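Chemist: just the structure for this:
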Amino acid sequence: MTAARDGENVGCLSDPLSLLAFRIVEFIATRTSTVWVDDLSEVFVAVDSSPPIPQHWLVGTYTCGVSACDVEDDLRAVLAERAKDWIIS
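Modeler: Coordinates of the predicted model:
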């Protein structure tokens, strides 16, 4: 299942996480946004209200002023969790 509906694609988990986190922080700028990663590892951001997405896709909901380091840490946690699934499969 993919998630192009109702969200802006800002990259993929295979991108450098620091760059991806910076893109997300730039996108958030002055608004509350929800970030998620779909089953194809594509990363999306939706502004103000999150669309209905599966819970296991959710990375977090962020407000303006969040640091790129915090977003990067959350992305790293998602990547580590997904890697466990890839290794098991």
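
Chemist: which helix runs longest in this structure?
Modeler: Scanning the chain for the longest helix, with DSSP state H as the assignment, gives helix 68-88.

Chemist: that helix packs against which elements?
Modeler: Contacts defined by 3 or more C-beta pairs under 8 Å, 6 or more residues apart in numbering; DSSP states H and E place helix 68-88 against helix 17-28, strand 33-37, strand 58-62. In short, each C-beta sits where N, CA and C put it, glycine included.

Chemist: got the contact list for residue 59?
Modeler: When contacts are counted by C-beta atoms under 8 Å, 6 or more residues apart in numbering, residue 59 touches 35-37, 43, 71, 74-75, 78.

Chemist: likewise for residue 74?
Modeler: Counting by C-beta under 8 Å, 6+ apart, residue 74 makes contact with 35, 59-60.

Chemist: what about it, distance to residue 21?
Modeler: Per C-beta to C-beta, to the nearest Å, residue 74 is found 8 Å from residue 21.

Chemist: if we can go back for a sec, using a markdown table, lay out the contacts of residue 74 together with distance to residue 27.
Modeler: Converted to a markdown table, these look like this (distance: C-beta to C-beta, whole Å):
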| residue | distance to residue 27 |
| --- | --- |
| 35 | 9 |
| 59 | 13 |
| 60 | 13 |
